[in-house]
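**Q** coords below, sequence missing:
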């Protein structure tokens, strides 16, 4: 990334212009820029006309004020320098595939993302959380993006309690009450629509995953085309889908459940969220018990019971035979869900072949028409 440093004013603007127009960077690191005058700003305008989109990162508060007062924050993509914090000795509230949540103090928590998460992905999650909040979904307010060592983090408002997973685990006398609130939160989410384009559609997300080169390395072209055909058959739907709606991603604030971890938020079929809960609570608790406990906060031997109670409360199905049929349907959507998650798995090349054999060839492909029917409603 191209770096600019020191002071840029009329005394060195000509030299700066010659150098930067030769380099033609589209991204500039301004962490060492101390001051920029109108002469330097005119150079950046020339650069923008040459390269098109121009992003300037790590801008100090003082220099950002110059960009802001001159109107350059509306012309260029200017990003302030991120403040750095430490989580050493802080209480861990939850740990999942996307990162770890720490309590900073009585007022704030921080979600620290893994090193594979770019600033772009994190900014998208903040934008999705804001869109969900505006749509009326109870979500934790994201205050700020920060640096935590070599990784990025997002500061959220603190909750007065722990995660829903820990509450379900540690308060057995209130377990059914919590699960009922959990199902009501899911219903609220799944009855909320967003059609302004601020949130991507589930179909678009799944198409991108099916087109990922990793899939063609593990599957035949015909198998990938079948997956894409199933995606194409999915009903268009503008209701919100969280994508990772397990109890470890729900906080409690004065008795109200509030969503966090909004990076997978999309517009799509609610059944896809139910399949993700099935994945985490019923399958994950058996295949990866330690990871499930660390991520969700519920002991693996209790997860399936919680999952079944949630689905029963969510659907209102009381007949045993009908419930079993519904669970078989969810199992098919689960298989489809996990197959298309393979590109996102760490070590996808090693883990992928077993998943392809078991779930794609063993469940999805023999039931294509049934799956299309489920996803077309």
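**A** Alright, I've got the coordinates. What you see is a predicted model; the values in this text were computed from it and never measured.

**Q** biggest helix in the chain by residues?
**A** helix 320-339 (DSSP state H).

**Q** is residue 82 in a helix, a strand, or coil?
**A** Of the three states, residue 82 takes coil under DSSP: H, G, I helix; E, B strand; the rest coil.

**Q** tell me the pLDDT at residue 51?
**A** At residue 51, the pLDDT value in this model is 92.

**Q** quick one, what contacts it?
**A** 24, 25, 26 (Cβ atoms under 8 Å, 6 or more residues apart in numbering). For the C-beta atoms, the positions are set from N, CA and C on the backbone; glycine is no exception.

**Q** could I get those residues in JSON lines, plus columns for distance to residue 185?
**A** Putting the contacts of residue 51 into JSON lines (distance: Cβ to Cβ, whole Å) gives the following:
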{"residue": "24", "distance to residue 185": "49"}
{"residue": "25", "distance to residue 185": "45"}
{"residue": "26", "distance to residue 185": "42"}
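
**Q** from the residues you listed, which is closest to residue 132?
**A** Nearest to residue 132 out of the contacts of residue 51 is residue 26 (Cβ to Cβ; 30.9 Å).

**Q** hmm, residue 54 and the closest one touching each other?
**A** Yes: contact criterion Cβ atoms under 8 Å: residue 26 and residue 54 qualify, at 6.0 Å.

**Q** who's more crowded, these two?
**A** Taking other Cβ atoms under 10 Å, residue 26 and residue 54 do not tie; residue 54 has more neighbours (19 against 15).

**Q** what secondary structure does residue 32 sit in?
**A** Going by three-state DSSP: residue 32 is strand.

**Q** so residue 35 sits in a strand?
**A** Yes: when three-state DSSP is applied, residue 35 is found to be in a strand.

**Q** any idea what it is bridged to?
**A** The partner list for residue 35 in beta bridges (DSSP bridges) reads residue 7.

**Q** against residue 5, how distant is it?
**A** Distance of residue 35 to residue 5, computed by Cβ to Cβ, to the nearest Å: 11 Å.

**Q** next: residue 67.
**A** With Cβ to Cβ as the criterion, residue 67 and residue 5 are 16 Å apart.

**Q** looking at the two, which one has more neighbours?
**A** residue 67 (21 against 11).

**Q** give me the helices and strands touching the helix or strand where the more buried one lies, please.
**A** Assigned by DSSP states H and E, residue 67 falls within helix 61-69. Where contact means 3 or more Cβ pairs under 8 Å, 6 or more residues apart in numbering; DSSP states H and E, helix 61-69 is packed against strand 27-36, strand 77-80.

**Q** repeat that for 10 Å
**A** Here helix 61-69 touches strand 27-36, helix 38-51, strand 55-59, strand 77-80, going by 3 or more Cβ pairs under 10 Å, 6 or more residues apart in numbering; DSSP states H and E.

**Q** point out the most buried one among those.
**A** Highest mean neighbour count of these: strand 55-59, a mean of 20 (counted as mean count of other Cβ atoms under 10 Å).

**Q** now that strand: mean pLDDT?
**A** Computed over strand 55-59, the average pLDDT equals 91.

**Q** list the strands paired with it, with their directions.
**A** strand 27-36 (parallel), strand 77-80 (parallel).

**Q** mind checking those for the one nearest to residue 232?
**A** strand 77-80 (34.4 Å).

**Q** so how far is the next helix or strand after that closest one off the chain centroid?
**A** Heading C-terminal from strand 77-80, the first helix or strand you meet, by DSSP H and E, is strand 91-95. Strand 91-95 sits 17 Å away from the centroid of its parent chain (Cα atoms, centre = their mean, to the nearest Å).

**Q** that older thread, what does the helix holding residue 67 contact?
**A** Helix 61-69 has contacts (Cβ atoms under 10 Å, 6 or more residues apart in numbering) with 8, 30-31, 33-38, 40-41, 44, 56, 59-60, 72-76, 78-81, 83.

**Q** those helices in the stretch 101-250 of the chain, which residues are they?
**A** 119-134, 164-170, 175-190, 202-210, 213-218, 221-233 (DSSP state H, counting those that start in this stretch).

**Q** okay, the ones you listed in CSV with mean pLDDT and mean neighbour count next?
**A** Formatted as CSV, these follow (pLDDT from 0 to 100; neighbours: other Cβ atoms under 10 Å):
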stretch, mean pLDDT, mean neighbour count
helix 119-134, 84, 17
helix 164-170, 94, 22
helix 175-190, 97, 18
helix 202-210, 95, 19
helix 213-218, 93, 16
helix 221-233, 96, 16
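
**Q** which one of those lies closest to residue 373?
**A** helix 221-233 (8.7 Å).

**Q** and that closest one, what does it pack against?
**A** Using 3+ Cβ pairs under 10 Å, 6+ apart: helix 221-233 touches helix 202-210, helix 213-218, helix 320-339, helix 368-375.

**Q** at 6 Å instead, please
**A** helix 202-210, helix 368-375 (3 or more Cβ pairs under 6 Å, 6 or more residues apart in numbering; DSSP states H and E).

**Q** how far off helix 202-210 does that helix point, in degrees?
**A** For helix 221-233 against helix 202-210, the angle by axes from the mean of the first three to the mean of the last three Cα atoms, to 10 degrees is 170 degrees.

**Q** what angle sits between helix 221-233 and helix 320-339?
**A** Helix 221-233 and helix 320-339 are oriented at 120 degrees to each other (the same axes, to 10 degrees).

**Q** specify the angle between helix 221-233 and helix 368-375 in degrees.
**A** Using the same axes, to 10 degrees: helix 221-233 against helix 368-375 is 30 degrees.
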